[in-house]
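Participant: The sequence isn't on hand, but the structure is:
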């Protein structure tokens, strides 16, 4: 999927994840200069989205919210799970999620 294509809301989760992962990799390569790795998350997101919109070059996009949330949620879950050394109960508490909800999300992103 290129940045000028819109996301199809009817994609299966695995298709959605692979499509958005490719877009994130493209954005990451253009947005993340080594000198700005320590900038706040908010600024990184704003810069990524600004470049994404520039790459659209007037093309329409749909389901942007879901795409961005999926791209942020997967590394968030992975990082918290690593921090808790795989303890899902502690990870769920840190995230403010029910443990069952956390497990569902971990499965969704292929983290367990």
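Facilitator: Perfect, thanks for sending it. If you're wondering where the values come from, they're calculated on a predicted model, not measured in any experiment. Residues are numbered from 1 along each chain as shown.
Participant: For residue 92, give me its contacts.
Facilitator: 98, 99, 101, 102 (Cβ atoms under 8 Å, 6 or more residues apart in numbering). Heads up, the C-betas are built off the backbone N, CA and C, glycines and all.
Participant: From residue 51, how far out is residue 57?
Facilitator: The gap separating residue 57 from residue 51 is 12 Å, by Cβ to Cβ, to the nearest Å.
Participant: neighbour-wise, which of these two wins?
Facilitator: Using other Cβ atoms under 10 Å as the criterion, residue 57 and residue 51 rank with residue 51 on top: 15 against 8.
Participant: in which helix or strand would I find the more buried one?
Facilitator: helix 41-56 (DSSP states H and E).
Participant: Let me see the mean pLDDT of that helix.
Facilitator: The pLDDT scores in helix 41-56 average 93.
Participant: hmm, which of the contacts of residue 92 are the buried ones?
Facilitator: residue 102 (16 or more other Cβ atoms under 10 Å).
Participant: Alright, that wraps it up for me.
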